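Trainee: Sequence and predicted structure below; questions after.
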Amino acid sequence: MDLRRLRYFVAVAEARSVGKAAERLRMAQPPLSVQIRKLEAEIGAPLFRRGTRGMDLTDAGQALLARAGEALALAADGVEAARAVAAGKRGRISVGYMFALANAVLPRLIPELRRSIPGVDLHFAELSASTREARLLDRSVTVALCMPAIHHPEIQVARVGAQPFMLAVPIRSPLARLSSVPMARLQGRPLIALPRPDQDPASSAVMALLRRHQIVMPVASRVETVHSAMSLVLAGEGLAILPACAQLGAPRGIVFRPLRDASDSIDIAVCWRRDSHSPLIRTFLKCAEKAVARM
């Protein structure tokens, strides 16, 4: 049904006069009469009869009027909702995040998002090295907060910060007694490694750091997540070189120490599909930049 005709019908019903309704609608009376007749033809029943006090509704007209206001209100709400979503004021965004960033970033990021987009439904999903790319590509998450960035032709990346590397060691280790650990002290010690999921493990940032300092650490285990690495460190299986923010989620019995003479860091990035045009992504990116800057 043409909503314009429905609006004309409501105006005539409320004014009980085609002439007064035409004035209210700022249109000529004849075209309004034509639209009412077309509406009656579409319904297949007369909607008005002329009474002593003006245009009276027929039973069919009364039935239509009872629902016409609600229909027009719903249509108006739909238009406003669409405009709000297009403007990034309403909608839904699913945020994926790497475990290493959870404790450091989410407590700062979520309040920032709530303030910036209060009308948007927020959903969160933890990602691993093996799932983050797939979750973006299948659209089960809208944006992903990653460390390091994802490198894929269909994924857009924006760097929002970086974290220095630190050494995770058992608290009973002699290295834990040092305020910072010389790189030479790592020679020959077993490494719990987190290879970059999208490249050969030999090209990871940690491996590049060790090569630059001519340090060899035999890889005891390769794991996908920071918490898996910390669990193996706690079990005495080796040492791990991790982003500094990971220490916020470290279990009791592990300490983090800076690496002396090593300023290497790992990028924190916001990633999303290149073909996604949601205005919410721009807002998320600004909020993520603020949250990471306060880490």
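Mentor: In hand now; what should we look at?

Trainee: could you say what helices and strands the longest strand seen in the chain packs with?
Mentor: Criterion DSSP state E: the longest strand present in the chain is strand 155-170. For strand 155-170, the helices and strands in contact under the criterion 3 or more Cβ pairs under 8 Å, 6 or more residues apart in numbering; DSSP states H and E are helix 132-137, helix 205-212, helix 226-234, strand 240-243, strand 254-260, strand 265-273, helix 279-293. For every residue, glycine as well, the C-beta is placed using N, CA and C.

Trainee: and stretch 127-140, how far from the chain's centre?
Mentor: On the basis of Cα atoms, centre = their mean, to the nearest Å, stretch 127-140 is displaced by 13 Å from the centre of the chain it belongs to.

Trainee: can you give me the end-to-end distance of that stretch?
Mentor: Distance between the boundary residues of stretch 127-140 (Cα to Cα, to the nearest Å) amounts to 11 Å.

Trainee: List the buried residues in it.
Mentor: Neighbour counts over stretch 127-140 (16 or more other Cβ atoms under 10 Å) mark 127-129, 131-133, 135-136 as buried.

Trainee: Check these for the minimum pLDDT and say which it is.
Mentor: By pLDDT, Ala129 ranks lowest within the buried residues of stretch 127-140, coming in at 81.

Trainee: I'd assumed Thr225 was in contact with that one.
Mentor: Yes: the pair Ala129 / Thr225 is scored as a contact, 7.0 Å apart, by Cβ atoms under 8 Å.

Trainee: Now for those two: what residues contact both?
Mentor: Contact criterion Cβ atoms under 8 Å, 6 or more residues apart in numbering; residues shared by Ala129 and Thr225: Leu194.

Trainee: partner residues bridging Ala168?
Mentor: Beta-bridge pairing for Ala168 (DSSP bridges): Ala240, Phe256.

Trainee: what's stretch 91-103 in contact with?
Mentor: Stretch 91-103 is contacted from outside by 84-85, 105-106, 117, 120-128, 132, 135-136, 140-147, 225-227, 242-243, 245-246, 248-249, 268, 278, 280-281, 284, using Cβ under 8 Å, 6+ apart.

Trainee: Now which of those residues would you call buried?
Mentor: For the contacts of stretch 91-103, buried by 16+ other Cβ under 10 Å: 85, 105-106, 117, 120, 127-128, 132, 135-136, 141-147, 225-226, 242-243, 245-246, 268, 278, 280-281, 284.

Trainee: just to revisit the earlier point, now, which of the buried residues of stretch 127-140 sits nearest Met27?
Mentor: Using Cβ to Cβ, Leu136 comes nearest to Met27 of those, at 51.4 Å.

Trainee: Spit out the contact partners of the closest one.
Mentor: Listed by Cβ under 8 Å, 6+ apart, the contact partners of Leu136 are 96, 144, 150, 155, 271-273.

Trainee: what stretches of the stretch 151-295 of the chain score poorly on pLDDT?
Mentor: Applying pLDDT under 70 to the stretch 151-295 of the chain flags residues 195-203.

Trainee: Verify the contact between Glu154 and Cys271 for me.
Mentor: No: using Cβ under 8 Å, Glu154 is not in contact with Cys271; the gap is 10.5 Å.

Trainee: which sections of the stretch 1-150 of the chain are below the confidence cut-off?
Mentor: Within the stretch 1-150 of the chain, the stretches with pLDDT under 70 are 1, 76-90.

Trainee: which residues does the closest residue to Ala208 other than its chain neighbours contact?
Mentor: Leaving out its chain neighbours, the residue that sits closest to Ala208 by Cβ to Cβ, 6 or more residues apart in numbering is Asp264, at 7.6 Å. Counting by Cβ under 8 Å, 6+ apart, Asp264 makes contact with 164-165, 205, 208-209.

Trainee: how's this protein carved up into domains?
Mentor: Per automatic domain parsing, the domain ranges recorded for the chain read 3-87, 94-295.
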